[in-house]
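J.: I would like the atomic coordinates for the input below:
(2 chains)
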Amino acid sequence: GDSVTQMEGPVTLSEEAFLTINCTYTATGYPSLFWYVQYPGEGLQLLLKATKADDKGSNKGFEATYRKETTSFHLEKGSVQVSDSAVYFCALSDRGSSASKIIFGSGTRLSIRP
Amino acid sequence: GAVVSQHPSRVICKSGTSVKIECRSLDFQATTMFWYRQFPKQSLMLMATSNEGSKATYEQGVEKDKFLINHASLTLSTLTVTSAHPEDSSFYICSAREDLEYGYTFGSGTRLTVV
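T.: Take a look at the predicted model:
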């Protein structure tokens, strides 16, 4: 079945460092891809999404490009801030079915040092 | 943008009692809602999918008689944890989907502690 694999954390960086969180997927169809962020004690917030190959999702300085050839959707940010400390989930959804559901990766905990 | 309200945010109950968690889509009609459970420092585990006016579809291993899901309207789904035990303590999150073209909007979660 469909699945999402993302790099294990925790990831600890200094403020203003460059961030990459790797995410790859397997899917039989043509999924939509998402990055969600979860701050401590809260639910999930959609960070960005992409719905077709070569689409780039971006928000709050974060970017991810839908790479069909490598089945990847890596999350990047050029200069992280302390406020970016959270858990990040890569996810996919098959839009083609009314029975579709969202499948999450295991999550990557990010900690930014001042 | 789409907003999903989940209540309560925290609840403590005694072992053997039942707890109801509500999930409401505030500015859109959610044909499908999802309930997840999240253990500490782990990913979200899908428990069940509910469609308005029909029975919920439970994931393998989830006890449907213990976790009762009702989706009586296009804006409200409820999860009732019946005869709760300490092992049911967890973070429960709902999400709603308006249609296939949109992403999923998540509630803020409910921290359930059974004592």
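
J.: going forward, measure contacts between C-alpha atoms and count neighbours the same way
T.: Fine.

J.: so who does the residue of chain B found nearest chain A touch?
T.: Proximity of chain B to chain A (C-alpha to the nearest C-alpha) peaks at residue B:108, 3.9 Å away. Residues near residue B:108 by C-alpha atoms under 8 Å, 6 or more residues apart in numbering or on different chains: A:42, A:43, A:44, B:4, B:5, B:6, B:9, B:93.

J.: among those residues, which pair sits farthest apart?
T.: For the contacts of residue B:108, the maximum inter-member distance is 13.6 Å, found between A:44 and B:9 (C-alpha to C-alpha).

J.: does the residue of chain B closest to chain A belong to a helix, a strand or coil?
T.: Three-state assignment for residue B:108 (DSSP: H, G, I helix; E, B strand; the rest coil): coil.

J.: low-confidence regions, chain B specifically.
T.: For chain B, the stretches flagged by pLDDT under 70 are B:99-102.

J.: change it to 80
T.: B:1, B:98-103 (pLDDT under 80).

J.: what about the strands in it?
T.: B:4-7, B:10-13, B:19-25, B:32-38, B:44-51, B:57-58, B:67-73, B:76-81, B:90-97, B:104-106, B:110-114 (DSSP state E).

J.: dump the ones you listed to TSV, plus mean neighbour count.
T.: Listed next are those as TSV, based on neighbours: other C-alpha atoms under 10 Å in any protein chain shown:
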stretch	mean neighbour count
strand B:4-7	20
strand B:10-13	14
strand B:19-25	21
strand B:32-38	23
strand B:44-51	22
strand B:57-58	16
strand B:67-73	19
strand B:76-81	22
strand B:90-97	26
strand B:104-106	26
strand B:110-114	21
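
J.: closest to residue B:21 out of the contacts of residue B:108?
T.: If you rank the contacts of residue B:108 by distance to residue B:21 using C-alpha to C-alpha, residue B:6 comes first, at 7.3 Å.

J.: separation between the closest residue to that closest one other than its chain neighbours and residue B:59?
T.: Leaving aside its chain neighbours, residue B:6 sits nearest to residue B:23 (4.5 Å; criterion: C-alpha to C-alpha, 6 or more residues apart in numbering or on different chains). Per C-alpha to C-alpha, to the nearest Å, residue B:23 is found 19 Å from residue B:59.
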